[in-house]
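Q: Okay, predicted coordinates and the sequence, questions at the end:
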Amino acid sequence: MRHRKKTTILGRKQGPKKALLRSLATELVLYEKIKTTEAKAKAIRPIIEKLITKGKVGDLHAKRELLKYLYQDNAVKKVLEELGPRYKTRKGGYTRIIKLGTRQGDAAKIAQIEFV
């Protein structure tokens, strides 16, 4: 039974799901907005919030924690040098999700997630 297990499954097992979320997080940091399905955008939002909060601290431990999660070194550099200082005074809510409608092929709900 799945009672009180709140994590999103996204139709994948644990390994591929983790890889997908890491990939989406890296792409969002690099390009600052991505277009994906609504479920994936909602799943990636709390992860990005935590990464930006670590980037606001900006010390060596935060850098190593970001290197553990993000795939590319230039994404870590961007979080520490650009995004962290940009949101230094903001307490949270670094991203917004804009619903774009449905995809023509399979009628999946499409959304754009971007930094505020």
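A: Yep, that arrived.
Q: contacts for stretch 85-94?
A: 48, 49, 52, 53, 56, 58, 83, 115, 116 (C-beta atoms under 8 Å, 6 or more residues apart in numbering). Yep, even glycine has a C-beta here, placed from its N, CA and C like the rest.
Q: Mark which of those residues are part of strands, please.
A: The strands in this structure, assigned by DSSP state E, contain residue 115 from the contacts of stretch 85-94.
Q: For residue 109, state which of the contacts of stretch 85-94 is nearest.
A: Nearest to residue 109, judged by C-beta to C-beta, of those is residue 48 at 19.3 Å.
Q: how near is the closest one to residue 104?
A: Residue 48 is 28 Å from residue 104, where distance means C-beta to C-beta, to the nearest Å.
Q: Tell me how confident the model is about the lengthiest helix in the chain, as a mean pLDDT.
A: In terms of residue count, the longest helix belonging to the chain (DSSP state H) is helix 38-57. Across helix 38-57, pLDDT averages out at 96.
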